[in-house]
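Visitor: show me how the following folds:
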Amino acid sequence: AARIAASLGGAPAGALAPTADLALVAKWGAEMVAASAGGQRLRVDYFGAVPIAVIDPLALRRLTCNLIGNALKFGPPSGVITAVLDGTAATTATFRIIDEGAGIPDEWREAVFEPSWRLPDHANKPGSGVGLAVCRDLVDAAGGRIWNEPSQRHPRGTVFVVQLPRPGNTPQARSHAAAA
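Guide: Sure thing, here's the model as predicted:
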């Protein structure tokens with residue numbers, strides 16, 4: 001997973017960090033849901049202006065595909081997947097993918113990001129179990145954070161939160177500004 005993140009998530013030293021418009025999350029998510037065989041739907045909510053984040057667009061696409069793919073795989077066949085794009089913070093760009101699946105027990109919230117780790121009752125689901133590990137590597141490479149929490153909208157379900165720096169707010173940009 002770390003090799004994937006290295007090839008997709010970072011800029012060479014001294015180069016400008018790549019950026020992506022988080023509206024792409026909604027676009028790619030809608031394409032995936034439309035192409036799926038189930039009756040699931042995608043709902044997109046916006047808070048503030050659609051943010052630009054410091055992340056390679058290819059890394060953002062892989063991140064979106066993994067998170068939406070899990071929501072499709074683990075959510076009910078007629079459920080709603082919600083993508084929330086939040087541009088209200090000055091220094092970070094945040095998006096959330098909310099599903100209506102079975103949820104993740106508190107004791108396994110961090111374990112799901114380990115390579116090849118799967119919830120015990122999901123052994124029969126397709127996949128290799130590395131998707132969320134790749135997500136964590138991609139987000140870490142961009143200088144962001146990813147975590148999951150219980151859904152407040154549904155009695156079950158999970159919210160994956162991705163928080164990425166905005167341009168000018170990476171650790172490298174802040175140290176460059178301080179040195180100037």
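Visitor: where's residue 57 relative to residue 17, distance?
Guide: Residue 57 is 12 Å from residue 17, where distance means C-beta to C-beta, to the nearest Å. The way it works is simple: take the backbone N, C-alpha and C, and place the C-beta from them, glycine included.
Visitor: neighbour count for those two, which is higher?
Guide: residue 17 (18 against 14; other C-beta atoms under 10 Å).
Visitor: gap between that one and residue 79?
Guide: Residue 17 is 36 Å from residue 79, where distance means C-beta to C-beta.
Visitor: tell me the SS of residue 49?
Guide: coil (DSSP: H, G, I helix; E, B strand; the rest coil).
Visitor: and the closest residue to it other than its chain neighbours, how many neighbours?
Guide: Computed as C-beta to C-beta, 6 or more residues apart in numbering, the closest residue to residue 49 that is not its neighbour in sequence is residue 87, at 4.5 Å. Under the neighbour criterion other C-beta under 10 Å, residue 87 is assigned a count of 19.
Visitor: residue 87 against residue 93, yeah?
Guide: Yes: with contact defined as C-beta atoms under 8 Å, residue 87 reaches residue 93; the gap is 6.5 Å.
Visitor: next, show the common contact partners of these two.
Guide: 22, 51 (C-beta atoms under 8 Å, 6 or more residues apart in numbering).
Visitor: in this structure, which spans are helices?
Guide: With DSSP state H as the criterion, the chain has helices at 2-8, 23-35, 57-74, 131-141, 171-179.
Visitor: follow-up on the earlier one: from residue 48, how far out is the residue nearest to residue 49?
Guide: Residue 87 sits 4 Å away from residue 48, taking C-beta to C-beta as the criterion.
Visitor: please apply the same query to residue 141.
Guide: 25 Å.
Visitor: those two: which is more packed in?
Guide: Set residue 141 next to residue 48 and count neighbours by other C-beta under 10 Å: residue 141 wins out with 20 against 12.
Visitor: ok, the more buried one touching residue 59?
Guide: Yes: with contact defined as C-beta under 8 Å, residue 141 reaches residue 59; the gap is 7.0 Å.
Visitor: which regions of this structure sit below the pLDDT cut-off?
Guide: Applying pLDDT under 70 to the chain flags residues 1-16, 119-127, 154, 170-180.
Visitor: same thing but 80
Guide: 1-17, 37, 116-129, 152-155, 169-180 (pLDDT under 80).
Visitor: how near is residue 160 to residue 51?
Guide: On the measure of C-beta to C-beta, residue 160 and residue 51 end up 17 Å apart.
Visitor: let me fix that: residue 103
Guide: Taking C-beta to C-beta, one finds residue 103 at 27 Å from residue 51.
Visitor: the more surrounded of these two?
Guide: Legend: neighbour count by other C-beta under 10 Å for residue 103 and residue 51, higher for residue 51 (24 against 19).
Visitor: perfect, I'm done here.
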